[in-house]
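Participant: Sharing a sequence plus its predicted fold:
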Amino acid sequence: MNAGSDVTLALRPTLNDSQISHVVSNFRHTDKLLSEIEGILSAASSKAAFPKFIPDITPAQSRTVEAYLARVRTHMLRVLDSVGVPPGRPDIGMIRAIRVHLTFVRIAIEECTPDHLRGYGEVPDGLVPELEGLSAELEGVVSALDSVLAQGPGCDLKDQLARLSNTSTETDSLKRIEEIVTRWGLVEFRAPLKAILERLASPRFEIALFGQVSCGKSSLLNHIIGQELLPIGVNPVTTVPTRVVYAAAPEITVWFVDRQVKKFVPADLPEFVTEERNPGNAKGVVRIVAGVPAYRLRDGVVFVDTPGLGSLAASGAAETKAYLPQCDLGVVLINSSATLGPEDVATIQALYQAGVQPAVVLSKADLLTPQDRLKALDYIERKLRQDLGTNLQVSPVSVVRGDQALLDQWFKQQIVPLYGWQQTLALDSIRRKIGVLREAMARALEIKLRPRADLPSNRLKALETADQQLRAAAGRLASVEKDAIHASQSIRDLAPDAMTWAARRLVDAWRGGGETSSREILREAVAEVARNATGEIVAEMVKLAVELSTAVTETARALDVSMPSVDGEFRDGIRDLPQIDLTQIKFDPTPPFLACFGERAAICRTKRQLRKNIEDAASVAFTSHSRALQTWIRTVLSQLKSKFDLSSDGYRAQLARMLNPLPESTEDLGGVESDIAWLRRE
């Protein structure tokens, strides 16, 4: 009987390849149409912003349709089986498909910017910033989702929590937090939750060094580990946080934005962490871990060298602010030659707000006499009590031979005791972070209990104004970059104007009989033309910084959130404007016989002399200056954007919930209250 069956199958007629392809193609298309019908059925419960259908189908009819769809699919599979054609397996993963769709979403968002809309008519000037801001906000949300998907399998919060089961007493609490984040769509809390999970997965005690550029962080860390690992310089050097961990053999591990991970020797570290060799983090470095066989890195203690506050690195100070919640102890260095600044105070406050214990040291204490050192310590401690209401002991440190005892004493008294309590301190640090996260989530959920209709009209107006202000500020970032880059490009053509201006200045100086050399007058005149050309660019960027800080402050006020002033934080990033390099202008012009020429003729003769001898060199100088200025503009604006996003992303989410609340059932509202009560439970 089996043999007969085999013969029957062997003699069974089959379709040719083209026919099979045609059947499969049409069945796939049919299945796609069935899926679209299922999408129509789900529209009744969809939260789409732009619903496509009127929900006029009854639940009973929906179940009937679903049953018939299942029958159609079953019959299609039976037909394929009867002709000996397997249905085939999909060749595209869901994550890849979603990311491809996100690419088209980005294109659609870009098509809504003012530049594209002008193809359909003039766009009112008053709407340009808001439209730019709308596109920037949407792009930011899409990029955040794409980043989550790019992490690949095993990086989901649930997967990480599953791997942590039974490893920590906090796991059950974190599972509940993850459920609340998922249940209520609190996606802005995914990043801090992920950071906490990563800390639990890799038990360690991180001591991070914070401070202004050139405050001595790298020198201090090199002394602590007993070797010259980190590069030291007067210019901004650290572009990304560099973790220094214990390793039996020295090596550098670098993670790149394209997800590549490469190993290097310690001597290669400057290639990735210095602004000179990695300007604006052009190499796309996202993480660096330096392993060294240092005794003080035992027992899981990790030191982190962070970007200097005020750094011009593209990730710069904003990268430092983003890193704050990840450390367990934040050592803030106050430069003895610059004393306490507003960014130092803001960093200490941010450490407290992130649940991180701060420690404050007076670096480069060797620059002060013992008497002045005591005065500086007293001033800083009094200022911190005044500004933050906290009592922090400030310790002097130095790496200069003869004063190294100060550093060794501080390390012995305040850091070494932490080693024995490393595990306990790390867990305490994580618990503080969880507490901060729970309170922030509770605040976000409280918004769901306050329907928009219940808001007083003046409060509603303030929230709508804040929402528009945030969006307009984000749009101004994009428009200022375009305008500033365009203005900087025009600097390349300033050499002829500089020759005219320099000729005037030279003739005035020659007639006045001053003692300044003609070469110095010439260089100063050319530099003045460059400064005048960049003045408007800098003024516009300062104006932008004020608008960004005002938008953040006004939004916090509208949301009844207390926060310190951020005006100085934004404005302080606009510094270290590049100066034109005039070293190649070595010409020393000679004055004409002024007694024989009037002023106009003397200027013309001098101008011809300059054009003949230095105009080409000046043109090269202006072209180089234009390129340097464009790099500076992009770097500073990148820093401003990062600061703005760090301050405003959470506010945007709150505003969206308050101004566009999704309808919640009575049962849902009960769940919100229950989750808030749990989040606030001690």
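Facilitator: That came through fine.

Participant: Mind splitting the chain into its structural domains?
Facilitator: Domain ranges of the chain: 2-82, 94-153, 203-420, 456-660, per automatic domain parsing.

Participant: Kindly state which of those domains is positioned closest to Ala677.
Facilitator: Comparing the domains of the chain against Ala677 with C-beta to C-beta, the closest turns out to be domain 456-660 (19.0 Å). Bear in mind the C-beta positions are built from the backbone N, C-alpha and C, glycine included.

Participant: Now do the buried residues in stretch 102-111.
Facilitator: 105-106, 109 (16 or more other C-beta atoms under 10 Å).

Participant: Using TSV, lay out the domains of the chain together with distance to Gly670 and mean pLDDT.
Facilitator: Listed next are the domains of the chain as TSV, based on distance: least, C-beta to C-beta, whole Å; pLDDT from 0 to 100:
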stretch	distance to Gly670	mean pLDDT
domain 2-82	19	75
domain 94-153	29	80
domain 203-420	30	81
domain 456-660	18	84
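
Participant: and the ones you listed as TSV, adding distance to Glu446?
Facilitator: TSV is the format used below for the domains of the chain (distance: least, C-beta to C-beta, whole Å):
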stretch	distance to Glu446
domain 2-82	21
domain 94-153	23
domain 203-420	19
domain 456-660	10
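
Participant: closest to Gly671 out of those?
Facilitator: domain 456-660 (15.4 Å).

Participant: Closest to Thr635 out of the buried residues of stretch 102-111?
Facilitator: Arg106 (23.8 Å).

Participant: Give me the neighbour count for the residue nearest to the closest one when sequence neighbours are not counted.
Facilitator: Once flanking residues are discounted, Arg106 sits nearest to Val142: 5.9 Å by C-beta to C-beta, 6 or more residues apart in numbering. Look at Val142: counted by other C-beta atoms under 10 Å, it has 16 neighbours.

Participant: now for the helix or strand harbouring Val142, which elements pack on it?
Facilitator: Using DSSP states H and E, the element containing Val142 is helix 128-150. Judged by 3 or more C-beta pairs under 8 Å, 6 or more residues apart in numbering; DSSP states H and E, the packing partners of helix 128-150 are helix 94-110, helix 114-117, helix 457-489, helix 615-659.

Participant: Tell me which of those helices sits most buried.
Facilitator: Most buried of these, by mean neighbour count (mean count of other C-beta atoms under 10 Å): helix 615-659, with a mean of 20.

Participant: returning to that earlier point: Lys217 is nearest to which of the helices and strands packed on helix 128-150?
Facilitator: helix 615-659 (18.3 Å).

Participant: would you list every one of the helices in the stretch 101-250 of the chain?
Facilitator: Secondary structure of the stretch 101-250 of the chain (DSSP state H, counting those that start in this stretch): helices located at 114-117, 128-150, 157-163, 171-184, 190-201, 217-225.

Participant: Determine which stretch of those helices is the most buried.
Facilitator: Comparing the helices of the stretch 101-250 of the chain by mean neighbour count (mean count of other C-beta under 10 Å), helix 217-225 comes out on top with a mean of 21.

Participant: Alpha carbons of it, in PDB - could you do that?
Facilitator: Provided in PDB are the C-alpha atoms of helix 217-225 (Å, rounded to 0.1, in the frame of the first residue of the first chain):
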ATOM      1  CA  LYS A 217      40.700  65.900  36.100                       C
ATOM      2  CA  SER A 218      43.000  63.900  33.900                       C
ATOM      3  CA  SER A 219      46.100  64.700  35.900                       C
ATOM      4  CA  LEU A 220      44.400  63.800  39.100                       C
ATOM      5  CA  LEU A 221      43.200  60.400  37.700                       C
ATOM      6  CA  ASN A 222      46.700  59.700  36.300                       C
ATOM      7  CA  HIS A 223      48.200  60.200  39.700                       C
ATOM      8  CA  ILE A 224      45.500  58.000  41.400                       C
ATOM      9  CA  ILE A 225      46.200  55.000  39.000                       C
END
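
Participant: Rebuild the helices of the stretch 101-250 of the chain as a markdown table, extending it with distance to Gln260.
Facilitator: Output for those, formatted as a markdown table (distance: least, C-beta to C-beta, whole Å):
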| stretch | distance to Gln260 |
| --- | --- |
| helix 114-117 | 34 |
| helix 128-150 | 13 |
| helix 157-163 | 22 |
| helix 171-184 | 29 |
| helix 190-201 | 20 |
| helix 217-225 | 26 |
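
Participant: Out of these, which is closest to Gln639?
Facilitator: Closest of these to Gln639 is helix 128-150, at 15.7 Å (criterion: C-beta to C-beta).

Participant: picking that back up, wait, which of the buried residues of stretch 102-111 is closest to Phe205?
Facilitator: Nearest to Phe205 among the buried residues of stretch 102-111 is Arg106, at 40.5 Å by C-beta to C-beta.

Participant: out of the domains of the chain, nearest to Ile430?
Facilitator: With C-beta to C-beta as the measure, domain 203-420 is the member of the domains of the chain nearest Ile430 (8.3 Å).

Participant: name the element Ala70 belongs to?
Facilitator: Per DSSP H and E: helix 59-82 holds Ala70.

Participant: Quick check: buried residues in that helix?
Facilitator: 62, 65, 69, 76, 80.

Participant: Same check on stretch 264-274?
Facilitator: 266, 269, 271-274.

Participant: again, but for stretch 486-499
Facilitator: 487-488, 491, 494-495, 498-499.

Participant: Who are the contact partners of Glu540?
Facilitator: 480, 483-484 (C-beta atoms under 8 Å, 6 or more residues apart in numbering).

Participant: And for Phe272?
Facilitator: 239-240, 252, 254, 278, 283, 285, 288.

Participant: and stretch 520-533, how far from the chain's centre?
Facilitator: In terms of C-alpha atoms, centre = their mean, to the nearest Å, the centre of stretch 520-533 is set 36 Å apart from its chain centre.

Participant: That should have said stretch 454-470, apologies.
Facilitator: On C-alpha atoms, centre = their mean, the centre of stretch 454-470 falls 27 Å from the chain's centre.

Participant: same question, stretch 66-74
Facilitator: That offset, for stretch 66-74, works out to 48 Å (C-alpha atoms, centre = their mean).

Participant: ok, residues contacting it?
Facilitator: 30-31, 34, 37-38, 41.

Participant: Make TSV out of these and add distance to Arg382, neighbour count and secondary structure.
Facilitator: Shown next, in TSV, are the contacts of stretch 66-74 (distance: C-beta to C-beta, whole Å; neighbours: other C-beta atoms under 10 Å; DSSP: H, G, I helix; E, B strand; the rest coil):
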residue	distance to Arg382	neighbour count	secondary structure
Thr30	78	13	helix
Asp31	74	16	helix
Leu34	74	17	helix
Ile37	72	15	helix
Glu38	68	13	helix
Leu41	68	18	helix
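
Participant: phi, psi of Val332?
Facilitator: phi -100, psi 120 (degrees, to the nearest 10).

Participant: Quickly list what it is bridged to.
Facilitator: Phe210, Val360 (DSSP bridges).

Participant: wouldn't it be in contact with Val356 here?
Facilitator: No - using C-beta atoms under 8 Å, Val332 makes no contact with Val356, being 10.7 Å away.

Participant: between those two, who's got more neighbours?
Facilitator: Val332 (27 against 22).

Participant: Next, find the distance separating the more buried one from Phe411.
Facilitator: 16 Å (C-beta to C-beta, to the nearest Å).

Participant: Same check on Ala498?
Facilitator: In terms of C-beta to C-beta, Ala498 sits 54 Å off from Phe411.

Participant: ok, so of the contacts of stretch 66-74, who is nearest Leu646?
Facilitator: Distance to Leu646 across these (C-beta to C-beta) is lowest for Glu38, with 40.8 Å.

Participant: And the closest one, how far from Val24?
Facilitator: 21 Å.

Participant: And Thr182, by the same measure?
Facilitator: Taking C-beta to C-beta, one finds Thr182 at 38 Å from Val24.

Participant: In three-state terms, how would Val302 be classified?
Facilitator: When classified by DSSP: H, G, I helix; E, B strand; the rest coil, Val302 comes out as strand.
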